[in-house]
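1. One predicted model, sequence on top.
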Amino acid sequence: MKNDRWFNHATFYEIYPQTFKDSNGDGIGDLQGIISKLDYIKDLGFNAIWLNPIFDSPFFDAGYDVRDYYKVAPRYGTNEDLFELFKKAHEKGIRVILDLVPGHTSIDCEWFKKSCQEERNEYSHRYIWTNSIWVSPTDVSSIRGFYERNGTVATNYFSIQPALNYGYLNVKDDFEMHISDPRITPTIKAMQDVIKFYLDRGCDGFRVDMAGWLAKRDNEQFEGTVYIWNKILEPIKKEYPDAFFVSEWSRPKYSLLSPFDSDFLLQDDFAPMHIYMCRGDSPYFKRGVEKSPKTYFDFYQDVSNFAFERDKFVSIISGNHDTIRLKETLDDEEIKLFFAFLLTMPGIPFVYYGDEIGMNYRRNMKSIEGGYHRTGSRTPMQWDSTKNAGFSTSKDYLYIPVNSDYKTINVKKETSDSGSVYNIVKTLNKIRKEYDCLTNDASVTLVNKDWENYPLKYIREGKKDKLYIVINPTDKTVSYDHFDGAEMIYTYKDNKLDFQILPQSFVILKIK
């Protein structure tokens, strides 16, 4: 790559703050709890954190309904606690990015309350309003009849999230504004001001929620939304060239035409291609499936090459707060193989809290703060086998109940087992940092000649090092290509340097 920036070497750990660590015994995770676990994150080998929304909110949608962008929600602490997190994380060599929600706010946001007033003011165009209570905006859901203003307002996702106004690419109705309309400029500036407020106080960047949904009636979430993001981020990136922005878009060939540095290749229904590897009914890393990885790698190489040509990245994830946990599809042995893949591939990896210890998805939970089926992926971190899994000292309330298996699946138990998922992730992160060919931007070459055969084989090459990664998800021993002078760097299970690989195992070799 042209520029060597901190995120060229970043491995991210995603924290859902409500359920990571409670420091004050109220049953809800908080910022001081996260600060208390920074050494855990560092020791595990992660050097960056993505923190889900911590802004003030009525929490109908777990903080993705922002009431005040400039205030930390009291249940997490104070603004000073957040700035302390930035400072202490940086002292340990850990970067922190926040979760930006640019497409909508809460109905309790002051911007929206002022926009609802019949008398025109500076917020009248901050949201998408029709000219009459009897007219609904087309192509989107809406709220009507609750406010003094004579109009109906467009919403995003849940009905308590009025959509901020970034305009329409294709205007049809008289109340709609084109994306170039100067009346939407204050919306763009408002979001820039929020971004700069936190960058000025130590934040290292943002993961951007629903980044591909800003412009309405856009051509496949493309032309209009790219235009808007160029307006928002071009001046930000000039002023803060070290800030990192990753988009929830799952279309790198769109998102990376704007100043985003990376785009998520999501493991969910937004991007079904990636279910191919570790989720769904028959993922690649599931024992006994034995299908070709060609479909996935053709797509991956196409989008990653597109990114690298622009000095940018794609990001593979283990999961996130919106996805069903890995453990629902893969067992611990299969998860280890997936992590071998995730942490030796190019791009910027993201690991969801708890995936490193094989936490289970909890089925059939009632919805908490708009989680619905996602609630089971947001249960408290399982630190140890004590009450509440070491997450909280609360006696009578937890934000979400702890999984019942916490006495057998927890950090304390995993750290003491050399072959655990935890220790495999820790070892892989260590190797990733030791070899320049495993930086996020180093090249990858697939060795597989016959796509129908196993194992999976690829070479990572940097300026100094060259590593050969071989992963065998099958239940039988198979052979792989011989390289003279190869040196075994790591083997999971007792593989010898005989170019045979045991079932459900992987090796990392150094080659010339």
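-> That came through, no problem. Numbering: from 1, shown residues only.

2. M365 and I424, how far apart?
-> To I424, M365 is 28 Å away according to CB to CB, to the nearest Å. Every residue, glycine included, has its C-beta placed from N, CA and C.

3. Look at those two and report which has more neighbours.
-> Taking neighbours as other CB atoms under 10 Å, M365 and I424 compare with I424 leading, 23 against 18.

4. quick one: that one is in a helix?
-> Yes: counting by DSSP: H, G, I helix; E, B strand; the rest coil, I424 is located in a helix.

5. residues in contact with the spatially closest residue to it that is not a sequence neighbour?
-> Setting aside the residues directly before and after it, I424 is nearest to K336 in space (CB to CB, 6 or more residues apart in numbering), at 4.7 Å. The contact partners of K336, taken as CB atoms under 8 Å, 6 or more residues apart in numbering, are V421, I424, Y492, F506.

6. Please spell out the segments of the stretch 1-150 of the chain that come in under the pLDDT threshold.
-> 1 (pLDDT under 70).

7. pretty sure H90 contacts R201?
-> No: counting by CB atoms under 8 Å, H90 stays clear of R201, with 11.7 Å between them.

8. In strands only, show me the contacts of K336.
-> Counting by DSSP state E, the contacts of K336 place Y492, F506 in strands.

9. For F83, grab the count of nearby residues.
-> 16.

10. mind pulling up the phi and psi values for it?
-> phi -70, psi -30 (degrees, to the nearest 10).

11. Return the residues in contact with the spatially closest residue to it that is not a sequence neighbour.
-> Closest residue in space to F83, ignoring its immediate chain neighbours: R201 at 5.3 Å, by CB to CB, 6+ apart. Contact analysis of R201 by CB under 8 Å, 6+ apart lists L82, F83, F86.

12. rerun at 10 Å
-> N79, L82, F83, F86, K87 (CB atoms under 10 Å, 6 or more residues apart in numbering).

13. so the fourth one touches V72, yeah?
-> No: proximity of F86 to V72 does not meet the contact threshold set by CB atoms under 10 Å, at 12.0 Å.

14. Could I get the average pLDDT for the helix or strand hosting the residue nearest to I424?
-> Per DSSP states H and E, K336 falls inside helix 332-342. In this model, helix 332-342 has a mean pLDDT of 97.

15. what about it, distance to the chain center?
-> Between the centre of helix 332-342 and the centre of its chain there are 18 Å (CA atoms, centre = their mean, to the nearest Å).

16. and the residue nearest to D475 when sequence neighbours are not counted, how many residues sit next to it?
-> Leaving aside its sequence neighbours, D475 sits nearest to P503 (CB to CB, 6+ apart; 4.8 Å). Number of residues near P503 (other CB under 10 Å) recorded here: 14.

17. and what of I49?
-> Per other CB under 10 Å, the neighbour tally for I49 reads 22.

18. I'd guess it is in a strand, am I close?
-> Yes: according to three-state DSSP, I49 belongs to a strand.

19. That one pairs with what?
-> The partner list for I49 in beta bridges (DSSP bridges) reads Y13, V96.

20. give the contact list for it.
-> 10, 12-15, 34, 38, 41, 85, 89, 94-98, 204, 353.

21. got it, and F308?
-> M1, V314, P346, G347, N440, D441, A442, S443.

22. Quick check: the fourth one touching N440?
-> Yes: applying CB under 10 Å, one finds G347 in contact with N440, separated by 5.9 Å.

23. Which one (most neighbours) among the contacts of R201?
-> Highest count within the contacts of R201 by other CB under 10 Å belongs to L82, 25 neighbours.

24. So it versus Y70, what's the distance?
-> 11 Å.

25. Pull up the overlap in contacts between the two.
-> Counting by CB under 10 Å, 6+ apart, the residues touching both L82 and Y70 are F55, Y198.

26. For stretch 455-467, give the mean pLDDT please.
-> Rounded to a whole number, the mean pLDDT of stretch 455-467 is 94.

27. Could you export it as CSV, CA atoms only?
-> Provided in CSV are the C-alpha atoms of stretch 455-467 (Å, rounded to 0.1, in the frame of the first residue of the first chain):
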residue,chain,number,x,y,z
PRO,A,455,-7.2,-28.6,2.2
LEU,A,456,-7.5,-24.9,1.8
LYS,A,457,-4.0,-23.5,0.9
TYR,A,458,-2.8,-19.9,0.4
ILE,A,459,0.4,-18.0,0.6
ARG,A,460,0.9,-14.6,2.3
GLU,A,461,3.9,-12.6,1.1
GLY,A,462,5.5,-9.4,2.5
LYS,A,463,8.7,-7.6,2.0
LYS,A,464,10.6,-9.8,4.5
ASP,A,465,8.5,-12.9,5.1
LYS,A,466,6.5,-15.5,3.2
LEU,A,467,4.1,-17.8,5.0
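
28. Right, I'll call it a day here.
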